[in-house]
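In: only geometry, no sequence info:
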């Protein structure tokens, strides 16, 4: 999660909403990245999507079996569904996102009958640090 | 929608689950594509995501204001959320998807308080043709 937090801080320096993600398999980091929606002019370029797409490319596989994902913020509906499609084994996330999240908030996607793969979910990992990075970013911009 | 159906048929010929999408602005087609999850080894490469990402690149904008999206199947949670993030004005879709959809099915994403932009939604457009393309594909593979 410290690597994901570093990716979130790097995103803040680029002027992006600071969220970072890391895809791992065993003890190997497969992909790490932060939010790049502005830089890429791509509304889908959330940190989770970036590492899922990079990981799938690196592993030449649609399904990232036995991969785990760390992300500093509770995933939104787009990312929660993509994590499911990629068959991620374990999802670790930092701060909850009551305004836009879809794991413990809003649609609670993994509880839906239309969700066909549910990862093991561990929320609140380094929650305070993850929330602090976001808070500092939005405070600076007000 | 006929253009989207042609993209769905082209996807079937590539061995992909046949879903097609078209992004339009006024009377101009901005992007058209079909599902490419297998070809690209990318679990996020649904037809809708393909045209949203292509459109954002072409228009150099994260937000596809005044763009409308046609897709042959009810969007899943990933695509429904991406459509919202991209600020799509109108969403037209063909067949409903009770097993994996997220507009009228499952999480009904646009009714959630965590959804911050709701497009105008028109379902059931050329529904029978869209469903037939899917049915023929899965029948051939059984």
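Out: It's in. If you're wondering where the values come from, they're calculated on a predicted model, not measured in any experiment. Residues are numbered from 1 along each chain as shown, chains lettered A, B, ... in the order given.
In: ok, longest helix in chain A?
Out: In chain A, with assignment by DSSP state H, the single longest helix is helix A:127-141.
In: could I get the buried residue list for that one?
Out: Residues of helix A:127-141 classed as buried: A:127, A:129, A:130, A:131, A:133, A:134, A:137 (neighbour count, 16 or more other Cβ atoms under 10 Å in any protein chain shown). Quick note: C-beta positions are derived from backbone N, CA and C, even for glycine.
In: can you pull out the helices in chain A?
Out: Using DSSP H, helices in chain A cover A:2-13, A:47-58, A:77-85, A:127-141.
In: how far is stretch A:110-120 from where the chain is centred?
Out: Centroid separation between stretch A:110-120 and its chain, computed with Cα atoms, centre = their mean, to the nearest Å, is 17 Å.
In: who's in contact with the longest helix of chain A?
Out: With Cβ atoms under 8 Å, 6 or more residues apart in numbering or on different chains as the test, helix A:127-141 has contacts from A:1, A:5, A:8-9, A:12, A:17-19, A:72-73, A:94-96.
In: between it and helix A:2-13, how many degrees?
Out: Here the directions of helix A:127-141 and helix A:2-13 differ by 10 degrees (axes from the mean of the first three to the mean of the last three Cα atoms, to 10 degrees).
In: what's the average pLDDT for helix A:127-141?
Out: Taken as a whole, helix A:127-141 carries a mean pLDDT of 94.
In: and if you look at stretch A:8-26?
Out: 97.
In: stretch A:56-64 too?
Out: Mean predicted lDDT for stretch A:56-64 stands at 95.
In: and it, what's buried?
Out: In terms of neighbour count (16+ other Cβ under 10 Å), stretch A:56-64 has its buried residues at A:56, A:59, A:61, A:62, A:63, A:64.
In: ok, now which ones touch the fifth one?
Out: Right, the one you point to is residue A:63. Contacts of residue A:63 (Cβ under 8 Å, 6+ apart): A:86, A:87, B:43.
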